[in-house]
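> Structure, please.
(one chain, ligands or ions: 1)
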Amino acid sequence: MKLRSLGASDLLVSPIGLGCWQFSKGRGLAGRYWPVLSDETIKEIVKVSIEGGVNWFDTAELYGNGASEKALSTALISLEKTTGNVVIATKWSPMFRTAASILRTIDDRIRSLQNLRIDLYQVHQPLGFSTVEKEMDAMARLVDAGKIRYVGVSNFNADRMRRAHAQLRRHGLALVSNQMSYSLLKRGIEKNGVVETAKELGISIIAYSPLAQGILTGKFHKQNDQAAQPVGIRKYLPGFRRGGLERSRPLIARLGQVAEAHGSTPAQVALQWLNSFQGELVVAIPGASSAAQAMQNAKSMEIVLTQDEMHSLDEVSRGCQHG
Ligand SMILES: NC(=O)c1ccc[n+]([C@@H]2O[C@H](COP(=O)([O-])OP(=O)(O)OC[C@H]3O[C@@H](n4cnc5c(N)ncnc54)[C@H](OP(=O)(O)O)[C@@H]3O)[C@@H](O)[C@H]2O)c1
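From the prediction side, this is the model:
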C-alpha cells in the first residue's frame, strides 16, 4: 500500500487514518456523542489498525478535553509505538478563545499526548475570537519552537483556507491540510470551491465522517430486527431517520453490489471510493467502536475499484446527498 504525502510536507500517511473522537471516554460535550470505550478496546482498535497498514491518528483537545489524546497515546505507548513510527494529528479548539490560547495551551496537548510528537496541529473550526492570520502566526511560532511539525485547519471554507495558507507563507511555511466532512453522502466540498482550492494550493483534504457516521455501512438499512439501531444523538439526525435512510437506500444497494464483486463490504467500498475519486488529494479517517470495524476499515486499502464502479457510485450518490 502506497503512502501519500500530506500537502507539501514530508509526512507520509496511509490513505486510511484512524479517527479518535470515539476515544473521548464520555467526557465533555463532544465526548458524550459516542458510547464510552474501555482502554482494552481502544488498544485493540489501535493495534489492528496498525496491523492493517494505518500509520496515523487524528484526535483533538475537544474529544473529551484531552481524554482521547491520553487514551490514544496510552495505547500507542503500550504497543511500543513512539514518535517517528506513527503520525499524530491533533487540534486546538478556538471556541470562545483568541489565538493567544494556541501558545498558552500547547503544553497541555503535549502532556495529554504523553510527549508523543504532534506532527500536525489543526485549528478545529473557524469560530474563534481572532483572525485566521493571528491564529496562523501563533501556529508558526509553535513550529519555530519545535512543539509541532506542521499546520492544518478544519472546517475552513475556500477563502479562509487561502488566507491561512497565505499567512503561513509569510513565515516560510505552508498549510498542509483542511479536514472536512466528505463522503459519498456529503459531497458539498466538490462544489463550494474547497476541493478546487486545495488542488490549486497543494493542500490535502482529510475526509472526516467518511462513513457518514455509519450510514454507509448499510447496517441501519437492513430489514427490521436485523437492522442496527443508531445510539445517542445519531438517532435524532435526519440521515438516520426513516426518510433519510430511504433516500440513501439506492446508494447502499449499489455499494452492496460492488462489495459483492470484490468479496468486501459496503463500508470498505465507500472508503476506497473516497480515497480514489480525487486522485491522491483525499485521505480518510473513519472512527471505529470495535476492533472488527477498525480492521475492516483498514483493509479497504486493499481494494481496487474499476473505472465503471467508480463512475456508477458517483452517479448514484448524486441522487442521495444529505447536503
Ligand atoms: N474536524 C471535525 O470537525 C470532525 C468532525 C467529526 C469527526 N471528525 C474526525 O473524523 C473521525 C471520523 O468521523 P466520525 O466518527 O464522525 O464518522 P465515521 O467515521 O463516518 O463513522 C464512525 C462510526 O461508524 C461506525 N462504524 C465505523 N466503521 C464501521 C464498520 N466497518 N462497520 C460498521 N460500523 C462502522 C461506528 O459507530 P457504531 O458502531 O456506534 O455504529 C463508528 O463510531 C472522528 O473520529 C474524528 O477524528 C472530525
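> CA atoms for contacts and neighbours, from now on please.
OK.
> got a list of what residue 235 touches?
By CA atoms under 8 Å, 6 or more residues apart in numbering, the contact list for residue 235 reads 229, 241.
> May I ask which helix or strand encompasses residue 151?
Element membership of residue 151 [criterion: DSSP states H and E] is strand 148-154.
> Report whether that strand contacts the ligand.
Yes - under the criterion of CA under 6 Å from any ligand atom, the ligand is reached by strand 148-154 at residue 154.
> Contact residues of this protein facing the ligand?
Counting by CA under 6 Å from any ligand atom, the chain sits next to the ligand at 19-22, 58-59, 124, 154, 179, 208-214, 217, 267, 285-289, 293, 296-297.
> centre of the chain versus the helix-or-strand element of the chain with minimal mean pLDDT, how much separation?
Ranked by mean pLDDT, DSSP states H and E, the weakest helix or strand in the chain is helix 28-31, scoring a mean of 91. From the chain centre to the centre of helix 28-31 is a distance of 17 Å (CA atoms, centre = their mean, to the nearest Å).
> Can you show me the CA trace of that helix as CSV?
Extracted as CSV, the C-alpha positions of helix 28-31 are listed here (Å, rounded to 0.1, in the frame of the first residue of the first chain):
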residue,chain,number,x,y,z
GLY,A,28,-17.2,16.9,27.8
LEU,A,29,-20.0,17.9,25.4
ALA,A,30,-18.4,16.4,22.3
GLY,A,31,-17.2,13.4,24.2
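> in it, what's buried?
residue 31 (16 or more other CA atoms under 10 Å).
> tell me what that helix is packed against?
Here helix 28-31 touches no other helix or strand, going by 3 or more CA pairs under 8 Å, 6 or more residues apart in numbering; DSSP states H and E.
> what comes up buried for the following helix or strand past that helix?
On the C-terminal side of helix 28-31, the closest following helix or strand by DSSP H and E is helix 39-51. Neighbour counts over helix 39-51 (16+ other CA under 10 Å) mark 41-50 as buried.
> neighbouring contacts of helix 39-51?
18, 23, 55, 71-72, 75-76, 79, 288-292, 294-295, 298.
> Turn the buried ones among the residues you listed into a named PyMOL selection, would you?
A single PyMOL command selects the buried members of the contacts of helix 39-51 (16+ other CA under 10 Å):
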select buried, resi 18+23+55+71+72+75+76+288+289+290+291+294+295+298
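> separation between the residue of the stretch 1-150 of the chain found nearest the ligand and residue 245?
Closest residue of the stretch 1-150 of the chain to the ligand, CA to the nearest ligand atom: residue 19 (3.3 Å). Applying CA to CA, to the nearest Å, the value for residue 19 to residue 245 is 24 Å.
> These two - which one has more neighbours?
Ranked by neighbour count (other CA atoms under 10 Å), residue 19 and residue 245 place residue 19 first, with 22 against 18.
> pLDDT value on residue 223, please?
Residue 223 is assigned 83 on the pLDDT scale.
> tally of neighbours for residue 224?
Residues near residue 224, counting by other CA under 10 Å, number 9.
> Oh, that last question was meant for residue 95, not what I typed.
13.
> Find me the pLDDT at residue 173, would you?
Residue 173 is given a pLDDT of 98.
> Hmm, residue 123 is touching residue 156, no?
No - using CA atoms under 8 Å, residue 123 makes no contact with residue 156, being 9.0 Å away.
> Show the low-confidence segments of this structure, by residue range.
323 (pLDDT under 70).
> what ranges do the strands span in it?
Here the chain has its strands, by DSSP state E, at 4-5, 12-13, 18-19, 56-58, 87-92, 118-123, 148-154, 175-181, 204-208, 282-284.
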